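> Return atomic coordinates for the entry below.
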Amino acid sequence: MSARDDVLARIAGAHRAAPPPDLPYADIERRYRTTSDLDPDALVDLLVDRLVDYRAQVRRCAPVQLASAIRAALSERGVTRLAVPGGLDPAWLAGLDVTVVTDRPDGGADLSVDALDAVDGVLTGCAVAVAETGTLVLDGSPDQGRRVLSLIPDYHLCVVLADQVCADVPQMITRLDTTRPTTMISGPSATSDIELNRVEGVHGPRTLEVIVVVDSYQES
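Residues are numbered from 1 along each chain as shown. Below is the predicted model of the structure:
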């Protein structure tokens, strides 16, 4: 048998094994996991491990430390001009010594592409974070804003609350309104050429930093 015959035989076998096209949607088997044995702290640890593996920068803090953690992150990055969505919690911006430009403040005007390109970074919340895949999901909610906010600036600082962390993709889907515009972020924007040279910042932020807010967090 030639390689061509072998490939065609495998395709034919896959077609024979496939479910019939008239299979009712309700009868499709769903044997994927829908629950997790991990407790909330273990889910956060797994998320952090995945994010670090994807070359994201991660720090943890307690809720009362969030504003200071944001200030520290922006200071270390050297951010002087920051974009934020119009619905971001003002308490997150307390004490910032940077110029803040807001997208759609109180239903106001959009920041232009040129304006977003001129900022040093963007600060957003998130809708859900998936521990198993290390994925942050933004759905255009007021504290996340338009998709363009997280795609143009070179630095994205994203705040994740502990109760936003779920185990896997099936659980993520149950938490989302799938009619909303969804952006899934698994580490900084990156690609590789044919020689596997990694290039970051191709179709999104070059640097992703995540602050995970955990009630039980204590500085060591």
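
> any weak-confidence spans in the chain?
1, 201-202, 218-220 (pLDDT under 70).

> the strands in it, which residues?
57-61, 81-85, 99-103, 121-124, 128-130, 135-138, 155-161, 165-166, 183-185, 190-192, 198-200, 207-213 (DSSP state E).

> Could you dump these into JSON lines and include mean neighbour count?
(Each C-beta comes from the backbone N, C-alpha and C, glycine too.) Converted to JSON lines, the strands of the chain look like this (neighbours: other CB atoms under 10 Å):
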{"stretch": "strand 57-61", "mean neighbour count": "18"}
{"stretch": "strand 81-85", "mean neighbour count": "23"}
{"stretch": "strand 99-103", "mean neighbour count": "16"}
{"stretch": "strand 121-124", "mean neighbour count": "26"}
{"stretch": "strand 128-130", "mean neighbour count": "24"}
{"stretch": "strand 135-138", "mean neighbour count": "24"}
{"stretch": "strand 155-161", "mean neighbour count": "23"}
{"stretch": "strand 165-166", "mean neighbour count": "22"}
{"stretch": "strand 183-185", "mean neighbour count": "20"}
{"stretch": "strand 190-192", "mean neighbour count": "13"}
{"stretch": "strand 198-200", "mean neighbour count": "12"}
{"stretch": "strand 207-213", "mean neighbour count": "22"}
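
> Any idea which of these gets closest to residue 46?
strand 165-166 (8.6 Å; CB to CB).

> Show me what that closest one pairs with in its sheet, parallel or antiparallel.
strand 128-130 (parallel) (DSSP bridges).

> still on that earlier bit, could you dump the strands of the chain into TSV with distance to residue 43 added?
Rendered in TSV, the data for the strands of the chain read as follows (distance: least, CB to CB, whole Å):
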stretch	distance to residue 43
strand 57-61	13
strand 81-85	26
strand 99-103	31
strand 121-124	21
strand 128-130	9
strand 135-138	13
strand 155-161	11
strand 165-166	5
strand 183-185	18
strand 190-192	25
strand 198-200	27
strand 207-213	10
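
> tell me the centre residue of this structure?
residue 136 (2.2 Å; CA atoms, centre = their mean).

> Now do the contacts for it.
126, 128-129, 158, 160, 184-186, 210 (CB atoms under 8 Å, 6 or more residues apart in numbering).

> rewinding a little: to residue 111, which of the strands of the chain lies closest?
Short answer: strand 99-103, nearest of those by CB to CB, at 4.5 Å.

> Excluding covalently adjacent residues, which one is nearest to the residue nearest to the centre of the chain?
residue 185 (4.4 Å; CB to CB, 6 or more residues apart in numbering).

> so the one you found touches residue 138, yeah?
Yes - taking contacts as CB atoms under 8 Å, residue 185 lies within contact range of residue 138: 7.1 Å.

> Pull up the overlap in contacts between those two.
residue 150.

> Please report the distance of residue 126 from residue 132.
16 Å (CB to CB, to the nearest Å).

> Who has more neighbours out of these two?
residue 126 (23 against 19; other CB atoms under 10 Å).

> Helices along the protein, start to end?
3-17, 40-53, 66-77, 113-118, 169-175 (DSSP state H).

> for those, which one sits closest to residue 98?
Taking those one by one with CB to CB, helix 66-77 is closest: 6.0 Å.

> Give me the contacts around the closest one.
59, 61, 82, 91-98, 120-121, 123, 155, 157, 159, 207, 209, 211, 213.
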